[in-house]
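Peer 1: fold the following and give me the result.
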Amino acid sequence: MHIGILQCGQSPAQLKDELGDYPDMFVRLLDGRGFEFTIWHVEDMQFPDDVAQADGWLLTGSRHGAYEDHAFIPPLEDFIRRAYQAAVPMVGICFGHQIIAQALGGTVVKHPEGWAVGAQDYDFGGQQVTLNAWHQDQVVTLPEGAQVTGRNAFCENAALVYDDRAFTVQAHPEFQDAFVQGLMDTRAKGVVPQDLLDQAAARMGQADGSTLLADQIEAFFKQPRPLAKGAA
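Peer 2: A predicted model of the protein is given here:
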């Protein structure tokens, strides 16, 4: 199955050589599951010509806010709406989760309660799943048709499913502990409150839900569907 990765941001330069860029992390997360990948760096305005160029689309995280004024965001939102209309499945992670919601009519804000950093516990339909997170923005108003499948007290809309068209998650199943530590060392200083960094350091090693999320992503992409409605 051919998955197009829409790269919406970049790993910090200090971490990229050792730990990889965002698409590398998803290739590693989904390794051995029968996927082939092509990467389009949409943050750098590299877009597919057509929503039918892949069997499914995976939208990565980004340090940008979905609501910010960046050149790549309007065409990305347009692409999301066309893929959704054509029933080409999409998976969105963190920024990908947010931009899919925003493109389809939801609302994303910088959350007044601040950051989620490091291992966080989520309720996925009665099952506790612990994943690494790194975000301040959240989806606060759901688009029509979105159903909540994962949440916690801090993030009510932590995972969403849009029938068989989109599956999105606020946390980062692709982030290994070493990368979270790297973000704490490079991007967090003076930005994330120290008490949250201390809590994240204390829970390092507890985010054990990545394989479960990889299973869910695989199952979502591979579930039987009617033929896509065609390119838009």
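Peer 1: any idea of the mean pLDDT in the helix or strand that contains F37?
Peer 2: Of the helices and strands defined by DSSP states H and E, F37 is found in strand 36-40. Average pLDDT, strand 36-40: 98.
Peer 1: partner strands of that strand, parallel or antiparallel?
Peer 2: strand 2-6 (parallel) (DSSP bridges).
Peer 1: flag every buried residue along the next helix or strand after the partner strand.
Peer 2: Downstream of strand 2-6, the first helix or strand assigned by DSSP H and E is helix 13-19. Across helix 13-19, burial judged by 16 or more other CB atoms under 10 Å covers 15, 19. Every residue, glycine included, has its C-beta placed from N, CA and C.
Peer 1: tell me how far helix 13-19 lies from the chain's centre.
Peer 2: 20 Å (CA atoms, centre = their mean, to the nearest Å).
Peer 1: avg pLDDT for that helix?
Peer 2: 93.
Peer 1: name the residues that touch it?
Peer 2: Outside helix 13-19, the residues that touch it by CB atoms under 8 Å, 6 or more residues apart in numbering are 10-11, 25, 176, 178-179, 182-183, 186.
Peer 1: distance check, D121 against G106.
Peer 2: 24 Å (CB to CB, to the nearest Å).
Peer 1: low-confidence ranges, the chain, go.
Peer 2: 227-232 (pLDDT under 70).
Peer 1: now the strands for it?
Peer 2: Assigned by DSSP state E, the chain shows strands spanning 2-6, 36-40, 56-59, 90-93, 107-110, 116-124, 127-135, 137-141, 147-150, 159-162, 166-169.
Peer 1: tabulate these (JSON lines), appending distance to R203.
Peer 2: JSON lines is the format used below for the strands of the chain (distance: least, CB to CB, whole Å):
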{"stretch": "strand 2-6", "distance to R203": "28"}
{"stretch": "strand 36-40", "distance to R203": "31"}
{"stretch": "strand 56-59", "distance to R203": "27"}
{"stretch": "strand 90-93", "distance to R203": "20"}
{"stretch": "strand 107-110", "distance to R203": "24"}
{"stretch": "strand 116-124", "distance to R203": "4"}
{"stretch": "strand 127-135", "distance to R203": "8"}
{"stretch": "strand 137-141", "distance to R203": "20"}
{"stretch": "strand 147-150", "distance to R203": "18"}
{"stretch": "strand 159-162", "distance to R203": "20"}
{"stretch": "strand 166-169", "distance to R203": "19"}
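Peer 1: in this structure, which residue is most central in space?
Peer 2: I93 (0.6 Å; CA atoms, centre = their mean).
Peer 1: so it is in contact with W57, correct?
Peer 2: No - counting by CB atoms under 8 Å, I93 does not reach W57; the two are 11.7 Å apart.
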